[in-house]
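>>> pasting the structure only:
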């Protein structure tokens with residue numbers, strides 16, 4: 001073999017050397033004498049220029065794996081065994097200063113939640129400058145500021161110099177995420193770890209952010225690791241997939257091959273649970289658990305009838321919810337003590353019949369949640385009306401409003417924020433019963449147990465606290481609380497948006513079952529169109545405060561009329577990738 005050929009072989013073998021190599025990695029939390037092992041000897045390689053997605057349900061070890069790589073394990077977390085090699089260099093056991101030199105400069109991180117990872121009391125510019133200074137990219141004050149402006153420009157934020165002076169609360173969700181991506185890429189690292197980078201964003205913003213991330217990493221030649229529960233994103237954006245389950249890697253390989261022909265039973269379950277545009281409305285089957293109705297004194301007074309549908313199953317002629325020409329305007333302050341009117345909702349009209357689900361969809365700021373607040377009487381409309389069971393509720397107050405609350409209950413978006421961490425699960429679920437003076441302590445406790453049975457949670461959770469529950473369990477508790485007063489209507493605001501696909505599928509099945517058994521009517525607010533296909537009978541598409549399209553779910557998905565609806569459907573990650581095991 002000639003010297004030239006020998007050099008060529010050497011160069012090719014170097015190119016195929018992994019950038020990151022993990023072997024037999026074990027991680028545990030808790031005291032050394034009684035450790036709780038959460039990673040059980042995992043192995044994988046990531047090569048230069050690859051885009052890899054790590055997928056799995058909450059608690060499977062996705063984030064823990066990559067946090068262990070950069071020594072950012074929380075609390076008592078520690079690596080107990082195994083090897084992590086970065087460019088051939090062993091990272092397990094290296095000292096803190098050496099790891100700090102590596103983090104940011106060679107391995108960047110985009111953390112999961114921009115709301116909690118950007119300091120609300122510091123300007124965006126200060127936080128970008130802090131990252132630049134810490135990574136040693138620039139030292140002179142003028143250079144640091146200049147580089148910070150460049151970082152925000154590269155992150156796709158227009159008028160970056162003015163944005164530097166703004167605070168996180170003045171940024172939309174997509175802008176916050178772009179700022180974090182900019183910070184993560186500011187030192188032009190060789191590897192970027194993106195932990196759920198778009199989980200709380202609507203599909204159009206998500207597409208813009210992911211397109212921009214792909215453009216930046218492509219220009220810099222950066223290797224990317226996505227940590228995600230979104231199989232559509234994994235299929236569309238990653239070449240290679242790593243599937244994790246209970247601290248083990250159960251399957252890995254080319255993304256499309258795994259998603260179209262999954263081999264492991266868990267991967268099959270994951271793929272089967274993923275909602276897609278080809279999905280159809282969930283049909284309730286059987287019953288949820290072995291529940292017996294508990295009659296509480298007081299609930300009968302709150303409701304003349306739980307279900308006024310006729311015996312042959314026909315819905316009543318009067319819609320349960322009717323929104324007529326609903327408009328909401330806010331007065332926004334401007335400079336020089338001036339103000340201007342901002343129209344959040346503009347002449348919205350729709351009806352929902354008993355036992356049906358209407359989904360309000362659209363990107364952030366389109367007016368979905370504002371309509372929900374006006375239906376719930378948490379906001380007063382500027383004009384128009386909201387009729388509940390034929391009665392105009394826009395002008396009611398006092399006792400009438402209090403009684404309306406028993407008919408109409410919310411399930412909020414964030415189970416972390418909507419459940420009081422200092423109150424037990426039993427008291428959280430039973431609170432509406434206490435507020436409305438329903439029953440005595442014994443009957444209320446029985447009703448709480450019945451509700452736990454209805455949402456398929458063990459009764460033993462009544463004495464537990466929110467921090468002891470998973471995200472899916474918290475969301476079930478939020479649904480149980482919403483059902484406590486036996487309402488006719490549930491208003492669900494992004495009720496499954498933050499859940500992984502398996503838990504999401506369980507909650508959606510639960511909602512369909514409860515609707516079937518209790519005759520509930522749902523107003524469902526979401527930005528996830530694939531979920532809409534599973535849960536909704538009717539769809540209203542909102543853009544800039546207006547309903548631009550309204551039809552049955554099948555009509556909207558199979559034959560969209562408005563360009564905006566077409567854009568929303570086209571922006572769904574992996575929409576055109578056929579998943580296996582459906």
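Yes, it's here. Because the structure is a prediction, the values reported are computed rather than measured.

>>> Tell me how this structure divides into domains.
16-117+189-273, 301-417+488-570 (automatic domain parsing).

>>> Tell me which residues of stretch 450-467 come out buried.
450-457, 461-462, 464-466 (16 or more other C-beta atoms under 10 Å). Bear in mind the C-beta positions are built from the backbone N, C-alpha and C, glycine included.

>>> where exactly do the helices run in the stretch 151-300 of the chain?
According to DSSP state H, counting those that start in this stretch, the stretch 151-300 of the chain carries its helices in the segments 160-163, 173-185, 203-220, 231-237, 255-260, 265-273, 299-302.

>>> Using JSON lines, lay out those together with mean pLDDT and distance to residue 244.
Putting these into JSON lines (pLDDT from 0 to 100; distance: least, C-beta to C-beta, whole Å) gives the following:
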{"stretch": "helix 160-163", "mean pLDDT": "83", "distance to residue 244": "37"}
{"stretch": "helix 173-185", "mean pLDDT": "81", "distance to residue 244": "22"}
{"stretch": "helix 203-220", "mean pLDDT": "81", "distance to residue 244": "21"}
{"stretch": "helix 231-237", "mean pLDDT": "83", "distance to residue 244": "12"}
{"stretch": "helix 255-260", "mean pLDDT": "87", "distance to residue 244": "13"}
{"stretch": "helix 265-273", "mean pLDDT": "86", "distance to residue 244": "9"}
{"stretch": "helix 299-302", "mean pLDDT": "42", "distance to residue 244": "45"}
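
>>> Which of these sits closest to residue 84?
helix 173-185 (19.6 Å; C-beta to C-beta).

>>> that older thread, and of the buried residues of stretch 450-467, the nearest to residue 422?
residue 465 (7.8 Å).

>>> For the closest one, give me its contacts.
Shown in contact with residue 465 (C-beta atoms under 8 Å, 6 or more residues apart in numbering): 421, 422, 423, 424, 425.

>>> so which of those is the most crowded?
For the contacts of residue 465, the largest neighbour count, defined by other C-beta atoms under 10 Å, is 25 neighbours, found at residue 425.

>>> What confidence value was assigned to it?
Here the pLDDT value assigned to residue 425 is 92.

>>> now do residue 577
Predicted confidence (pLDDT) for residue 577: 61.

>>> likewise residue 494?
On the pLDDT scale, residue 494 gets 81.

>>> Minimum pLDDT in the buried residues of stretch 450-467, which residue is that?
Within the buried residues of stretch 450-467, lowest confidence goes to residue 456 (80).

>>> That residue looks like it's in a strand, true?
No: going by DSSP: H, G, I helix; E, B strand; the rest coil, the assignment for residue 456 is coil, not a strand.

>>> And residue 68, how close does it get to residue 97?
19 Å (C-beta to C-beta, to the nearest Å).

>>> likewise residue 90?
16 Å.

>>> now do residue 404
61 Å.

>>> Any stretches of the stretch 401-550 of the chain with poor pLDDT?
414-416, 471, 498 (pLDDT under 70).

>>> Can you list the residue ranges for strands in the stretch 1-150 of the chain?
Under the criterion DSSP state E, counting those that start in this stretch, strands of the stretch 1-150 of the chain are mapped to 20-29, 36-46, 51-55, 78-86, 89-90, 107-110.

>>> These: which one's closest to residue 440?
Of all these, strand 36-46 comes closest under C-beta to C-beta, at 41.5 Å.

>>> Pairing partners for that closest one, with directions?
The strands beside strand 36-46 in its sheet (DSSP bridges) come out as strand 20-29 (antiparallel).

>>> Now the buried residues of stretch 450-467 in TSV, please, with extra columns for distance to residue 543.
Converted to TSV, the buried residues of stretch 450-467 look like this (distance: C-beta to C-beta, whole Å):
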residue	distance to residue 543
450	42
451	37
452	40
453	41
454	37
455	34
456	37
457	38
461	41
462	44
464	42
465	41
466	36
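
>>> Name the nearest of the residues you listed relative to residue 266.
residue 456 (20.5 Å).

>>> what are the phi and psi angles of the closest one?
phi 60, psi 50 (degrees, to the nearest 10).

>>> hmm, back to that, which one of residue 90 and residue 97 has more residues nearby?
Legend: neighbour count by other C-beta under 10 Å for residue 90 and residue 97, higher for residue 90 (11 against 8).

>>> Surely that one is in contact with residue 69?
No: using C-beta atoms under 8 Å, residue 90 is not in contact with residue 69, being 12.0 Å away.

>>> Give me the common contacts of these two.
Contacts common to residue 90 and residue 69, judged by C-beta under 8 Å, 6+ apart, are residue 84.

>>> What segments of the stretch 1-150 of the chain are helices?
Under DSSP H, counting those that start in this stretch, the stretch 1-150 of the chain gives helices at 3-15, 62-69, 96-102, 114-117, 124-134, 141-154.

>>> Name the stretch among the ones you listed that sits most buried.
Mean neighbour count (mean count of other C-beta atoms under 10 Å) peaks for helix 62-69 among the helices of the stretch 1-150 of the chain, with a mean of 22.

>>> Could you tell me the average pLDDT over that one, please?
91.

>>> the inter-axis angle of it versus strand 20-29?
110 degrees (axes from the mean of the first three to the mean of the last three C-alpha atoms, to 10 degrees).

>>> Please list all residues in contact with residue 34.
Taking C-beta under 8 Å, 6+ apart as the definition, residue 34 has no contacts.

>>> nope, residue 352 is what I was after
Applying C-beta under 8 Å, 6+ apart, the residues contacting residue 352 are 319, 320, 321, 322, 358, 521, 522, 523, 538.

>>> Kindly present the helices of the stretch 151-300 of the chain as JSON lines, with separate columns for mean neighbour count and distance to residue 400.
Converted to JSON lines, the helices of the stretch 151-300 of the chain look like this (neighbours: other C-beta atoms under 10 Å; distance: least, C-beta to C-beta, whole Å):
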{"stretch": "helix 160-163", "mean neighbour count": "16", "distance to residue 400": "46"}
{"stretch": "helix 173-185", "mean neighbour count": "24", "distance to residue 400": "36"}
{"stretch": "helix 203-220", "mean neighbour count": "18", "distance to residue 400": "39"}
{"stretch": "helix 231-237", "mean neighbour count": "24", "distance to residue 400": "45"}
{"stretch": "helix 255-260", "mean neighbour count": "20", "distance to residue 400": "52"}
{"stretch": "helix 265-273", "mean neighbour count": "19", "distance to residue 400": "43"}
{"stretch": "helix 299-302", "mean neighbour count": "16", "distance to residue 400": "13"}
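
>>> Can you add distance to residue 392 and give those helices back as CSV?
Listed next are those as CSV, based on distance: least, C-beta to C-beta, whole Å:
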stretch, distance to residue 392
helix 160-163, 44
helix 173-185, 35
helix 203-220, 35
helix 231-237, 42
helix 255-260, 50
helix 265-273, 42
helix 299-302, 20
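
>>> Looking at those, which is nearest to residue 122?
Here helix 173-185 is closest among the helices of the stretch 151-300 of the chain (C-beta to C-beta), at 11.8 Å.

>>> and the closest one, what other elements does it pack with?
Helix 173-185 sits against strand 107-110, helix 114-117, helix 124-134, helix 141-154, strand 191-195, helix 203-220, with contacts defined as 3 or more C-beta pairs under 8 Å, 6 or more residues apart in numbering; DSSP states H and E.

>>> If residue 388 is in a bridge, with which residues?
residue 321, residue 391.

>>> just to revisit the earlier point, now the domains of the chain as a markdown table including distance to residue 131?
Shown next, in a markdown table, are the domains of the chain (distance: least, C-beta to C-beta, whole Å):
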| stretch | distance to residue 131 |
| --- | --- |
| domain 16-117+189-273 | 7 |
| domain 301-417+488-570 | 26 |
